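Novice: build me a structure from this.
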Amino acid sequence: QRRTAGELAANPRPMGIGPRPQQGHGMSASEVVKEKAGERELIRHLRDLLGTELTRGLSQTRDSDGSNIMGLSGWTIECRRGKKARIEGWWKQAVRQARARNSRPALCYRLDFGQWRVILALRHLVPGFGATPYTLWMETSLDVFATIIRKQHDATSPYLPPCDEPATYTMERLTWPPES
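Specialist: I've put the predicted structure just below:
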């Protein structure tokens, strides 16, 4: 079947071969490589902070509800790397995945040349906030996230060693309603 020059410009791939990528939803090859490297980097940091074995969630490509990082009981970790923060979309995905797994969402992200940051729902951290929407969240460092995880597991947990430090959480940013 012949196509016009306008059709070729609008859709350069051959007709009938594969699905047409949706604008803004696909990732380039370099972005995929950066995401995978980010997952491995985050796993190393969390392993050092928590002393527990973590792995990449390889089923994430086959399942829409897959966690990027496996091994933290009760948590679904969404890991992101990039030049520009897309917090709202990343957070919605983390919440959707956590709900599908009946667990707590954590969005761990690092922008180019930046430090790892973690977004957590207050409903899972603050007593009395259990019914609050997921749009009420806090952003903190990876160290504080590790402290929270260790405090939420008791000393007999097979997943994490006990933590002797006092529970001190620094709330660095609280948004309500979420930033746009």
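Novice: for residue 110, give me its contacts.
Specialist: 38, 41, 42, 80, 81, 116, 117 (CB atoms under 8 Å, 6 or more residues apart in numbering). Just so you know, the C-beta spots here come from the backbone N, C-alpha and C atoms, and that holds for glycine as well.
Novice: isn't residue 115 right next to residue 140, touching?
Specialist: No. Assessed by CB atoms under 8 Å, residue 115 is found out of contact with residue 140, at 11.0 Å.
Novice: comparing the two, which residue is more hemmed in?
Specialist: residue 140 (19 against 9; other CB atoms under 10 Å).
Novice: I'd guess the more buried one is in a helix, am I close?
Specialist: No. Read with DSSP: H, G, I helix; E, B strand; the rest coil, residue 140 is strand and lies in no helix.
Novice: so what's it bridging to?
Specialist: residue 118 (DSSP bridges).
Novice: so what pLDDT did it get?
Specialist: Note on residue 140: pLDDT of 94.
Novice: that older thread, filter the contacts of residue 110 down to the ones in strands?
Specialist: 80, 81, 117 (DSSP state E).
Novice: specify which member of the contacts of residue 110 is nearest to residue 107.
Specialist: Of all the contacts of residue 110, residue 80 has the smallest distance to residue 107: 6.9 Å, by CB to CB.
Novice: now residue 56: phi and psi?
Specialist: phi -70, psi 140 (degrees, to the nearest 10).
Novice: which residues touch residue 42?
Specialist: The neighbours of residue 42, taking CB under 8 Å, 6+ apart as the test, are 69, 77, 79, 108, 110, 116, 142.
Novice: which single one of those is nearest to residue 102?
Specialist: The closest of these, once distances to residue 102 are taken by CB to CB, is residue 77, at 14.9 Å.
Novice: partner residues bridging the closest one?
Specialist: What pairs with residue 77, by the bridge criterion (DSSP bridges), is residue 69, residue 106.
Novice: list the buried residues for the one helix or strand residue 32 maps to?
Specialist: Per DSSP states H and E: residue 32 is located in helix 29-50. Neighbour counts using 16 or more other CB atoms under 10 Å place 34, 35, 38, 39, 42, 43, 45, 46, 50 of helix 29-50 among the buried residues.
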